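Trainee: sequence and predicted structure are below.
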Amino acid sequence: MLSGGAGGCLAQQAPRCCAPRPPPRPAQQSQQQRRRRAAALPPPPAAAPALQQQRPRRRQVACRQAGGAAAAGGGGGAGATDDPDVGGEAMATLEMIEAASSAAPPLLLLNRFSAPRWLFRTAACLILGGQVVARICRGKIHWRNTRDQLQLVGPKSLGVALLTAGFVGMVFTIQFVREFAKLGLTRSVGGVLALALARELTPVVTAIILAGRVGSAFAAELGTMQVSEQVDSLRVLCTDPVDYLVTPRVLASMIAGPILNVLCFCMGIGASVLLADLVYDVPANVILDSARRALSGYDVITSCVKAWVFGLIISTISCAWGFTTSGGAKGVGESTTSAVVISLVMIFVADFVLSFLFFQGQGDALKQLK
């Protein structure tokens, strides 16, 4: 009975021991899946430099194995690996790989070097100016855009420029008449005023107006096109941005600058004559006759040359600053402000250089007023 009972118990327990295992828990399945996914993933980015360092070694080993295999195949027996030609080729390949690997660090250092922004923009301005001059000399001009930009630089800027030149002429008339009347040199007021306006005041004032109105517009417009990738779209359409955008603006400024300069000079003289006749009882014919005797053709030519150079400087700097804009709307604002400031500084620097070249030595213009 006991044995029978024990056997029955064993018989009843046997199916329990031989029963299949239950399926793994969801936690175990997820852990196994994570391990498999982790094994299938590529190495992390931090391991990329190590792999790059191992590549030259693998290439060296591969070259040695290739050299040995070529030597074994070419020799066909023992002592074939002692062929000097095969060994020389393998060594030459190895030396080339080592030289390339040794030259990599300087190239990496050169890539990490970043020039200052002011140096980059200065170089871009010089290169852009050279490209524009070359295209103008070759006749590659987009005339429709040039006409549109000429309207912006000329007629739309004429009112502000004339108003400024008129008040500048009246201010200097007050100072000159007040001081010259005490010396009895009222007849010399027109000549001195004409020389001051023609040589210095009118070109500089006109350039300042163009820098504030036109230069800022050029920098903001091209900067917006640069950050919104419209310039890249022109390149995709096989259109040169320098021919389509920069050359018309520079050419329009170079044409309109001397014309505005002459008109502003006439406005300044006219305002001076009006103020002297109405306020200080100096006849208009006295002012005009004195100005005619003091001025010469050389003064008018140098004044137009100054205005031409100032127009070239303003347009080139504004376009270069616009083309090098980055950083969205904030970058556009910074580029516009910087373009106007740099243009004003370069106007005064160029004015000093040109005045030093044109008016060296003693002058004899006031001798004609005696």
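Mentor: Right, received. Where do you want to start?
Trainee: count of neighbours near the closest residue to residue 129 other than its chain neighbours?
Mentor: With CB to CB, 6 or more residues apart in numbering as the criterion, residue 129 has its nearest non-adjacent residue at 4.5 Å, and that residue is residue 316. (Each C-beta comes from the backbone N, C-alpha and C, glycine too.) When neighbours are defined as other CB atoms under 10 Å, residue 316 has 26 of them.
Trainee: ramachandran coordinates for residue 316?
Mentor: Dihedral angles phi and psi of residue 316 (degrees, to the nearest 10) take the values phi -70, psi -50.
Trainee: distance-wise, check it relative to residue 339.
Mentor: Computed as CB to CB, to the nearest Å, the residue 316 to residue 339 distance reads 10 Å.
Trainee: all strands in the stretch 201-350 of the chain, in order from the N-terminus.
Mentor: In the stretch 201-350 of the chain, no strands are defined using DSSP state E, counting those that start in this stretch.
Trainee: so where does residue 163 fall, helix or strand?
Mentor: Assessed by DSSP states H and E, residue 163 sits inside helix 155-183.
Trainee: in that helix, what counts as buried?
Mentor: The neighbour-count check on helix 155-183 (16 or more other CB atoms under 10 Å) flags 157-158, 161-162, 164-166, 168-170, 172-173, 176-177, 180 as buried.
Trainee: nearest to residue 302 among these?
Mentor: Of all these, residue 165 has the smallest distance to residue 302: 17.6 Å, by CB to CB.
Trainee: for that closest one, give me its contacts.
Mentor: Contacts for residue 165 (CB atoms under 8 Å, 6 or more residues apart in numbering) come out as 197, 202, 205, 206, 264, 265, 267, 268, 271.
Trainee: number of residues surrounding the nearest residue to residue 218 once chain neighbours are set aside?
Mentor: Spatial nearest neighbour of residue 218, chain neighbours left out: residue 318 (3.8 Å); criterion: CB to CB, 6+ apart. By the criterion of other CB under 10 Å, residue 318 has 33 neighbours.
Trainee: again, but for residue 273
Mentor: 22.
Trainee: what pLDDT does the model give it?
Mentor: As predicted, residue 273 sits at a pLDDT of 91.
Trainee: contact partners for it?
Mentor: 190, 284, 287, 288.
Trainee: would you mind measuring from the third one to residue 131?
Mentor: Here residue 287 is placed at a distance of 46 Å from residue 131 (CB to CB).
Trainee: what about these two, which has more around it?
Mentor: Per other CB under 10 Å, whichever of residue 287 and residue 131 has more neighbours is residue 287, with 26 against 16.
Trainee: do you know the pLDDT at that one?
Mentor: Per-residue pLDDT puts residue 287 at 88.
Trainee: what sits against it?
Mentor: Shown in contact with residue 287 (CB under 8 Å, 6+ apart): 189, 190, 193, 269, 272, 273, 276, 277.
Trainee: let's see it at 7 Å
Mentor: Residue 287 makes contact with 189, 190, 272, 273, 276, according to CB atoms under 7 Å, 6 or more residues apart in numbering.
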